[in-house]
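**Student:** What follows is a predicted protein model with its sequence.
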Amino acid sequence: MEGNADLGAAPSDLATSKHTAKRDAFSELLSPKPRQPKHARQSLAKDIQKKTHGPRDALGAYIAKPEAYPPNVVVYHNDDFVVIHDLFPKSTLHLLLLPRDATKTLVHPVEAFDDLEFLAKVKEEAKKVCALAAGELRRKYGKYSLHDREREEALDADPPPETLPAGRDWGKDIMCGIHAHPSMTHLHVHIISVDRCSDRLKHRKHYNSFSTPFFIDIDDFPLATDDPRRDPDRQGYLRRNFICWRCGRDFGNQFTHLKKHLEEEFNEWKRL
């Protein structure tokens, strides 16, 4: 296994260093790293584009040489997959799982996932990344969560209990899937928190691509031959009204009002 940590490390907990509970190298892959300033992220994006044929091909650079990027960009990589932080995240947590199979990486995901053996392999890796993402949500927001309060108190105990309370199921707050019409050339799977709270979420396409059937859950594959999501343009998913992902409120075409509402929903969501 290549990358930033041994994913087969002994089981443990995602608590911060002040806690004496056991820790897990897999969970710590997403622990805080020195954050790149905005100008550095912009420079990275331009550098990737120079090495490829254009912005749509930018993911190819990570697939070809993941070891060239710092741990706050590439989370981990192995012979079959690369996991990166999305350079333009549309939620507070947004990862991309990039298969490295040369026979599939330039194939549309709907077609690629008709190969059941390949699909099973992607689902297995995606499950690992989703667990990693859920652990990161707990690290970031567990201290605010009512359902995690007992667990947080147990972590602060001295000594901590042998068995921690289960706490909130953060895995339910992770979406995993693909876009019916991907914006990038190389096959990629989104692992993204449900909140859609990000300064990078700037217009209708950004929101509706994650909030309508345009986003296809990985567990829905393989798609039936008559599944309407195979023809997203005809369905007009991206042209639909803005519907809040959490409360279902219809904002019509009022994106500015939606954005303000999403911040309010985010603050409520993390306190559940």
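**Tutor:** Nice, thanks for sending it over.
**Student:** now the strands: where do they sit in the protein?
**Tutor:** 74-77, 81-85, 94-99, 174-179, 189-193, 215-217 (DSSP state E).
**Student:** Dump those to a markdown table, plus mean neighbour count.
**Tutor:** Placement of C-beta: from N, CA and C, glycine included. Converted to a markdown table, these look like this (neighbours: other CB atoms under 10 Å):
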| stretch | mean neighbour count |
| --- | --- |
| strand 74-77 | 22 |
| strand 81-85 | 23 |
| strand 94-99 | 23 |
| strand 174-179 | 21 |
| strand 189-193 | 25 |
| strand 215-217 | 17 |
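**Student:** need those strands in a markdown table with mean pLDDT and distance to residue 202, can you?
**Tutor:** Listed next are the strands of the chain as a markdown table, based on pLDDT from 0 to 100; distance: least, CB to CB, whole Å:
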| stretch | mean pLDDT | distance to residue 202 |
| --- | --- | --- |
| strand 74-77 | 98 | 24 |
| strand 81-85 | 98 | 18 |
| strand 94-99 | 98 | 14 |
| strand 174-179 | 98 | 16 |
| strand 189-193 | 98 | 16 |
| strand 215-217 | 98 | 17 |
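**Student:** Just send those strands back as CSV, with distance to residue 127 too.
**Tutor:** As requested, these are exported to CSV (distance: least, CB to CB, whole Å):
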stretch, distance to residue 127
strand 74-77, 15
strand 81-85, 12
strand 94-99, 10
strand 174-179, 8
strand 189-193, 10
strand 215-217, 13
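**Student:** Among those, which comes closest to residue 233?
**Tutor:** Proximity to residue 233 (CB to CB) singles out strand 174-179 among these, at 12.4 Å.
**Student:** quick check: angle from the closest one to strand 94-99?
**Tutor:** For strand 174-179 against strand 94-99, the angle by axes from the mean of the first three to the mean of the last three CA atoms, to 10 degrees is 50 degrees.
**Student:** mind exporting strand 174-179 as PDB, just the C-alpha atoms?
**Tutor:** Output of strand 174-179 as PDB, limited to C-alpha atoms (Å, rounded to 0.1, in the frame of the first residue of the first chain):
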ATOM      1  CA  ILE A 174     -22.200  11.200   3.500                       C
ATOM      2  CA  MET A 175     -23.300  10.900  -0.100                       C
ATOM      3  CA  CYS A 176     -21.400   8.700  -2.500                       C
ATOM      4  CA  GLY A 177     -22.000   8.700  -6.300                       C
ATOM      5  CA  ILE A 178     -21.400  10.200  -9.700                       C
ATOM      6  CA  HIS A 179     -22.800  12.900 -11.900                       C
END
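**Student:** What helices and strands are in contact with it?
**Tutor:** The elements that strand 174-179 packs onto, with contact taken as 3 or more CB pairs under 8 Å, 6 or more residues apart in numbering; DSSP states H and E, are helix 116-141, strand 189-193, strand 215-217.
**Student:** who wins for proximity to residue 87 among those?
**Tutor:** Per CB to CB, nearest to residue 87 of the helices and strands packed on strand 174-179: strand 189-193, 12.9 Å.
**Student:** Quick one: work out the angle between the closest one and strand 174-179.
**Tutor:** 150 degrees.
**Student:** Just name the most buried of the helices and strands packed on strand 174-179.
**Tutor:** Among these, ranked by average contacts under mean count of other CB atoms under 10 Å, first place goes to strand 189-193 (a mean of 25).
**Student:** Would you list the strands that it pairs with, along with their directions?
**Tutor:** If you go by DSSP bridges, strand 189-193 pairs up with strand 94-99 (antiparallel), strand 174-179 (antiparallel).
**Student:** could you redo those as TSV and give each row distance to residue 198?
**Tutor:** Formatted as TSV, the strands paired with strand 189-193 follow (distance: least, CB to CB, whole Å):
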stretch	distance to residue 198
strand 94-99	7
strand 174-179	14
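**Student:** pLDDT below threshold where in the protein?
**Tutor:** 1-28, 31-53 (pLDDT under 70).
**Student:** The same query, at a cut-off of 90, please.
**Tutor:** 1-55, 155, 159-160, 162 (pLDDT under 90).
**Student:** quick one, helices of it?
**Tutor:** 25-28, 38-50, 59-64, 109-112, 116-141, 149-156, 204-211, 232-235, 255-269 (DSSP state H).
**Student:** Just put the ones you listed in JSON lines and tack on distance to residue 226.
**Tutor:** Converted to JSON lines, the helices of the chain look like this (distance: least, CB to CB, whole Å):
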{"stretch": "helix 25-28", "distance to residue 226": "40"}
{"stretch": "helix 38-50", "distance to residue 226": "38"}
{"stretch": "helix 59-64", "distance to residue 226": "30"}
{"stretch": "helix 109-112", "distance to residue 226": "13"}
{"stretch": "helix 116-141", "distance to residue 226": "19"}
{"stretch": "helix 149-156", "distance to residue 226": "45"}
{"stretch": "helix 204-211", "distance to residue 226": "23"}
{"stretch": "helix 232-235", "distance to residue 226": "13"}
{"stretch": "helix 255-269", "distance to residue 226": "32"}
